[in-house]
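Colleague: Next one to model:
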Amino acid sequence: MKSSKKKGFKQYILVSLGELVLIIAGILIAMNINNWNENRIALTKANLYIDKVKKDLTIDTTYFHYAIERIDLKLDYKKSLFNQDSIAKFSTSGLQAIVTSGTNNIYINDGAYKKIIESGIVTLPEKEFLFEKFNSYYVVFNNYLKELNKWEEKSAQKDQDFWIYQNHYELAYIDVTKSILDSVENRKNFIKVMTSMEGKNYNNMAILREQRMKEIYTRARDRAKKLMKQIDSIQN
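Modeller: Numbers count the residues shown, from 1 in each chain. Have a look, this model is predicted:
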């Protein structure tokens, strides 16, 4: 009788253990299916955002390309101010526009990248390489670009103050008639300031500033193009 009870108890334990194993196996399978499903959803979302990043990069390359072209034009004009024959070809307002050409202020478009960060999908191992490249462009390089844009803005403002807030000539701005602006005396006074040692130094520094910004914008454009190729190589 005792032997029979013992045998029955053992069978009960074995059955219970078997059921427990099945339950655990079922839970593990369900968890794996759930994790697989979540990962699939995350990958789909990641691919969607990566496509948007590529569109942003296309916009970046266009903006930086045109900014570089504008800088080249500004450089040609500013360099021409060291040549008397070239100066004679410009109107007084044209000369004033050259020396007060202002800033470029081109920034990286990081809207799609910010969505990636907010979504929390940056931990996906399948996209680790791309996300590292995104971080290098949108965080490290972009911060460097922002600092240079701030430097350009500060430097350009100093130029504006020099050319605008003085009392040697009339400026081509509000309520200045063409007769006053293009008068022989006004033009002579402006060119005198422009060709002075101080004026030349300001123009030289403006040229150096434009060259520096052209360099950083060229790097930004080239990096954006390279990143687009890396996206294509991995996504396709």
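
Colleague: Would you map the helices across this protein?
Modeller: Ranges of helices within the chain are 2-80, 84-88, 92-99, 111-119, 128-135, 142-164, 178-181, 184-194, 197-235, based on DSSP state H.

Colleague: Could you tell me the least trusted of these?
Modeller: Among those, helix 178-181 carries the lowest mean pLDDT, a mean of 59.

Colleague: Let's check: the centremost residue of the protein is which one?
Modeller: The centroid of the chain falls nearest to I108 when counting by C-alpha atoms, centre = their mean (1.5 Å).

Colleague: That one: what's its closest spatial neighbour, skipping adjacent residues?
Modeller: Take I108 and drop its neighbours on the chain: the residue closest to it by C-beta to C-beta, 6 or more residues apart in numbering is N142, 4.7 Å away. Glycine gets a C-beta too; all of them are placed from N, C-alpha and C.

Colleague: burial of that neighbour, as a residue count?
Modeller: The tally of other residues near N142 (other C-beta atoms under 10 Å) stands at 18.

Colleague: ok, now the one 4 residues further on?
Modeller: Counted with other C-beta under 10 Å, the neighbours of K146 add up to 12.

Colleague: Please report the distance of it from T61.
Modeller: Distance of K146 to T61, given as C-beta to C-beta, to the nearest Å: 19 Å.

Colleague: likewise E132?
Modeller: Taking C-beta to C-beta, one finds E132 at 21 Å from T61.

Colleague: Show me which of the two is the more surrounded one.
Modeller: More neighbours surround T61 than the other of E132 and T61, with 18 against 10 (other C-beta under 10 Å).

Colleague: how deep is the closest residue in space to that one that isn't next to it in sequence tucked in, by neighbour count?
Modeller: Once flanking residues are discounted, T61 sits nearest to A224: 4.9 Å by C-beta to C-beta, 6+ apart. A224: 24 surrounding residues under other C-beta under 10 Å.

Colleague: Next, the contact list for A224, please.
Modeller: A224 makes contact with 57, 60-61, 64, 108, 137 under the criterion C-beta atoms under 8 Å, 6 or more residues apart in numbering.

Colleague: and if you look at I50?
Modeller: Shown in contact with I50 (C-beta under 8 Å, 6+ apart): 116, 127, 130, 231, 235.

Colleague: go with 7 Å
Modeller: 130, 231, 235 (C-beta atoms under 7 Å, 6 or more residues apart in numbering).

Colleague: What of E185?
Modeller: Residues near E185 by C-beta under 7 Å, 6+ apart: none.

Colleague: Distance-wise, check it relative to H168.
Modeller: In this structure, E185 and H168 are 11 Å apart, going by C-beta to C-beta.

Colleague: before we move on, what about T58?
Modeller: Distance of T58 to H168, computed by C-beta to C-beta: 47 Å.

Colleague: which of the two has more neighbours?
Modeller: More crowded of T58 and H168, by other C-beta under 10 Å: T58, with 14 against 11.

Colleague: so how many other residues sit close to the spatially closest residue to that one that is not a sequence neighbour?
Modeller: Spatial nearest neighbour of T58, excluding adjacent residues (C-beta to C-beta, 6+ apart): M228 at 7.1 Å. M228 has 17 neighbours, counted by other C-beta under 10 Å.
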